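Novice: structure for this input, please:
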Amino acid sequence: MAGLFAKKDLERLIADANDPNAGEGGSGGGTLKRSLGAFNLTTLGIGAIIGTGIFTLTGLAAADYAGPGIVYSFIIGGILCALAGLCYSEMAAMVPVAGSAYAYSYATMGEFVAWIIGWDLVLEYAFGAITVSNGWSGYFISMLKDSLGIPFTDGLMRLTKGPWELVKLNDGSMVHGMWNLPATLIAMLAAWILYRGIKESATANNIIVIIKVTIVLLFIVMGIGLVSKTNLFVNHTAHGLGMLVPERGPSQVMGQTMTTYGWPGVFRAAGVVFFAYIGFDAVSTTAQECKNPAKDLPRGILGSLVICTILYILTSFTLAGVVPYNQLHTSAPVATGFDKIVELLHWNPTAGRTLTTVVKLGALAGLSSVILVMMLGQTRVFYAMSKDGLLPWFGTAHPKFGTPHVATAMTGVFVMACGGLMPLSLVGELVSIGTLLAFTLVCIGIPILRITNPDTVRPFRTPMPWVVSILGAASCLWVMSYLPQDTWLRLITWLEVGLLIYATYGWRRSRLASDNGTAGRAKPHAIILAVAVITLIPTLYWDYKVFFHH
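Specialist: Below you'll find the predicted structure:
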């Protein structure tokens, strides 16, 4: 079983990444182009972070859990994510290769753990793109129908949702959709941009980031002078800044009455908005396309986190100060905030509708860049795993564009198909649990490498590594503990499917095993296969029962 945990030497890991002949069976396929600087990396991080969180989660977390105390929730969430960000920065600068947490795990905990985390990253990146493409579709249809007044026939409405979701027709009746066409089209566009080249992808992302950050800054500038103390200081039994936290009491959360608010509500909301920060780690997957990864990767990761944390705090403060928190239970809280600003400024209705349309365009831009960066991250993970022989096909780079074109095409087809078919509720929390598992393993890897490779050059060093890494891993596990049981069940199912693929393909094709003279390892392969099959059958049955029960 020792072969399961064979580690890839750091020097070899970096050398293989830059070797155009490295790959499955020695076929190679070229290397990726180094085109990105610190600015591009920072905007990629912002592009991945600012999206669903700031345009959706802010209002829901305030209304359900924290009230105006949502400001503290974002501060807590930012601190928790910063712990993981510091660990990612050290790893990315020390191991500047495509693959992110997959590559780091290969160097710290061995091939088996690396496979698990690589397969797990599909939940973050590919399913993340699927989730956001569903949200993009909703905003797009809302803008066309509600803001621009474009009529939709019943046939067109059925092309806005997948077959497992209900669509409201013009006569008010509810029927199942057929295919989420807008979600498929935005995934197709993102895949085409990524196929053409990393520089083109970064340029497109830069433009989108400028648009959506402008919308966020416009909201802050217009609204911060209209903040009402009455809306902010809601707890008159508290003192000072504690007045932002409502007293504990009943609240309607997902149709159920439960006790929220108070500081427990603030911490619960921190777990919710933690997911708004997901995406900064996608910066690390572009390590082989950076001009100066040792310096620019930490700047991109931490810079995007700092900028987005500041924007989140200012936005949540302005939103809760302009709109009473009990009116924020909406999927478009920033649009609601703009409507309130227009009302307070006594603008005419036409100006209000124009502003709402602009906000929805900003939200569409924000969601578009998230899809782009999530799919970019997925293709780089597939590329790295294929170069190591653990997956077929994906380890080649386009001779002209310098992109992992096969991985990009396959990822694009997968996201297009699943975005058109799968319901948003099924994939959303899978993204969260997959990301948090990746964060946990990266945090654990920091102290392991400090022990096993103490002399390796570290261009960026995590401050107080033992404290930061342990707190980072513990905080991720804490947030994971709040996720529903069925989400954990689907994570287990997904990992078991991954074990089947590893047992039947990756175990025998591993380039590391082949070079070490241990190719064709039979006994552990049979054990892995047996365990995967035996455990998968009951897990699928339980997952089936849970899915149809809901």
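
Novice: where does the prediction get shaky in this structure?
Specialist: In the predicted model, the chain carries pLDDT under 70 at residues 1-4, 16-32, 52, 249-259, 331, 424-429, 515-550.

Novice: and the strands in it?
Specialist: Taking DSSP state E as the test, the strands found in the chain are 166-168, 174-176, 249-253, 256-260.

Novice: any idea how many residues pack against Glu165?
Specialist: Using other CB atoms under 10 Å, the number of residues around Glu165 comes to 17. C-beta: built from backbone N, CA, C; applies to glycine.

Novice: contact partners for it?
Specialist: 176-177, 180, 423-424 (CB atoms under 8 Å, 6 or more residues apart in numbering).

Novice: highest neighbour count among the residues you listed?
Specialist: With neighbours defined as other CB under 10 Å, the most crowded of the contacts of Glu165 is Asn180; it has 31 neighbours.

Novice: how about the contacts made by it?
Specialist: 133-134, 137, 159-162, 165, 419-421.

Novice: what about Leu512, distance to Leu390?
Specialist: From Leu512 across to Leu390, the span is 9 Å (CB to CB, to the nearest Å).

Novice: who has more neighbours, these two?
Specialist: Leu390 (28 against 23).

Novice: burial measure for Gly172, as a count.
Specialist: 6.

Novice: overlap in contacts, Leu512 and Leu390.
Specialist: Common contacts of Leu512 and Leu390, defined by CB under 8 Å, 6+ apart, comprise Glu111.

Novice: contact partners of stretch 263-272?
Specialist: Around stretch 263-272, the neighbours that count as contacts under CB under 8 Å, 6+ apart are 57, 60-62, 64-67, 69-70, 72-74, 76-77, 80, 245-246, 248, 260, 478-479, 482.

Novice: which of those are buried?
Specialist: Buried by 16 or more other CB atoms under 10 Å: 57, 60-62, 64-67, 69-70, 72-74, 76-77, 80, 245-246, 260, 479, out of the contacts of stretch 263-272.

Novice: what residues sit buried inside the lengthiest helix in the chain?
Specialist: Determined from DSSP state H, the single longest helix within the chain is helix 349-387. The neighbour-count check on helix 349-387 (16+ other CB under 10 Å) flags 352-353, 355-356, 358-387 as buried.

Novice: now swap in stretch 165-179 and tell me
Specialist: For stretch 165-179, burial by neighbour count (16+ other CB under 10 Å) applies to 165, 167, 177-179.

Novice: closest one to Leu144 out of those, please.
Specialist: Using CB to CB, Val167 comes nearest to Leu144 of those, at 14.7 Å.

Novice: contacts only, for the closest residue to Arg450 other than its chain neighbours.
Specialist: Among residues not flanking Arg450 along the chain, Pro465 sits closest, at 5.9 Å (CB to CB, 6 or more residues apart in numbering). Going by CB under 8 Å, 6+ apart, Pro465 touches 90, 446-447, 450.

Novice: which among the residues you listed gets closest to Thr153?
Specialist: Glu90 (55.1 Å).

Novice: mind checking how far the closest residue in space to that closest one that isn't next to it in sequence is from Lys7?
Specialist: Using CB to CB, 6+ apart and skipping the chain neighbours, the partner closest in space to Glu90 is Thr462 (4.5 Å). Distance, Thr462 to Lys7, by CB to CB: 20 Å.

Novice: turn the buried residues of stretch 165-179 into TSV, including distance to Ala190.
Specialist: Putting the buried residues of stretch 165-179 into TSV (distance: CB to CB, whole Å) gives the following:
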residue	distance to Ala190
Glu165	22
Val167	24
Gly177	22
Met178	22
Trp179	18
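
Novice: make sure Phe275 is actually in contact with Thr56.
Specialist: No - with contacts counted by CB atoms under 8 Å, Phe275 stays clear of Thr56, the gap being 10.4 Å.

Novice: looking at the contacts of Glu165, which is nearest Asn292?
Specialist: Leu424 (39.0 Å).

Novice: how distant is stretch 388-405 from the center of its chain?
Specialist: Chain-centre distance of stretch 388-405: 23 Å, with CA atoms, centre = their mean, to the nearest Å.

Novice: end to end, how far does it reach?
Specialist: Terminal residues of stretch 388-405 are spaced 17 Å apart (CA to CA, to the nearest Å).

Novice: list the buried residues in that stretch.
Specialist: 388-391, 394-398, 401-405.

Novice: again with stretch 5-15
Specialist: Going by neighbour count (16+ other CB under 10 Å), the buried part of stretch 5-15 is 6-8, 10, 13-14.

Novice: re earlier: what number of residues lie near the residue nearest to Glu90?
Specialist: 24.

Novice: tabulate the contacts of Asn180 in a markdown table, adding columns for distance to Leu437.
Specialist: Below are the contacts of Asn180 laid out as a markdown table (distance: CB to CB, whole Å):
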| residue | distance to Leu437 |
| --- | --- |
| Ser133 | 23 |
| Asn134 | 22 |
| Ser137 | 28 |
| Leu159 | 35 |
| Thr160 | 32 |
| Lys161 | 30 |
| Gly162 | 27 |
| Glu165 | 27 |
| Gly419 | 23 |
| Gly420 | 27 |
| Leu421 | 25 |
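
Novice: isn't Ala6 right up against Gly110?
Specialist: Yes - counting by CB under 8 Å, Ala6 does reach Gly110; the two are 5.7 Å apart.

Novice: tell me where the stretch 151-300 of the chain has helices.
Specialist: For the stretch 151-300 of the chain, the helices defined by DSSP state H, counting those that start in this stretch cover 154-157, 181-196, 198-223, 229-232, 262-273, 293-322.

Novice: make CSV from the ones you listed and add distance to Trp119 and mean neighbour count to it.
Specialist: Compiled in CSV, those are given as follows (distance: least, CB to CB, whole Å; neighbours: other CB atoms under 10 Å):
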stretch, distance to Trp119, mean neighbour count
helix 154-157, 37, 14
helix 181-196, 21, 22
helix 198-223, 24, 19
helix 229-232, 45, 14
helix 262-273, 25, 22
helix 293-322, 23, 23
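
Novice: any chance of a markdown table for these, columns distance to Ala126?
Specialist: Shown next, in a markdown table, are the helices of the stretch 151-300 of the chain (distance: least, CB to CB, whole Å):
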| stretch | distance to Ala126 |
| --- | --- |
| helix 154-157 | 27 |
| helix 181-196 | 10 |
| helix 198-223 | 16 |
| helix 229-232 | 40 |
| helix 262-273 | 23 |
| helix 293-322 | 21 |
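
Novice: nearest to Thr435, out of the ones you listed?
Specialist: Smallest distance to Thr435 across those (CB to CB): 13.0 Å, for helix 262-273.

Novice: centre of the chain versus the closest one, how much separation?
Specialist: Relative to its chain's centre, helix 262-273 lies at 20 Å (CA atoms, centre = their mean).

Novice: dump that helix to CSV, keeping only the CA atoms.
Specialist: Output in CSV follows, covering the C-alpha atoms of helix 262-273 (Å, rounded to 0.1, in the frame of the first residue of the first chain):
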residue,chain,number,x,y,z
GLY,A,262,-27.8,37.7,18.3
TRP,A,263,-24.1,36.8,18.0
PRO,A,264,-25.0,33.1,17.2
GLY,A,265,-26.8,34.5,14.1
VAL,A,266,-23.8,36.5,13.2
PHE,A,267,-21.5,33.5,13.3
ARG,A,268,-24.1,31.4,11.4
ALA,A,269,-24.2,34.2,8.7
ALA,A,270,-20.4,34.1,8.6
GLY,A,271,-20.7,30.4,7.5
VAL,A,272,-23.2,31.5,4.8
VAL,A,273,-21.1,34.4,3.5
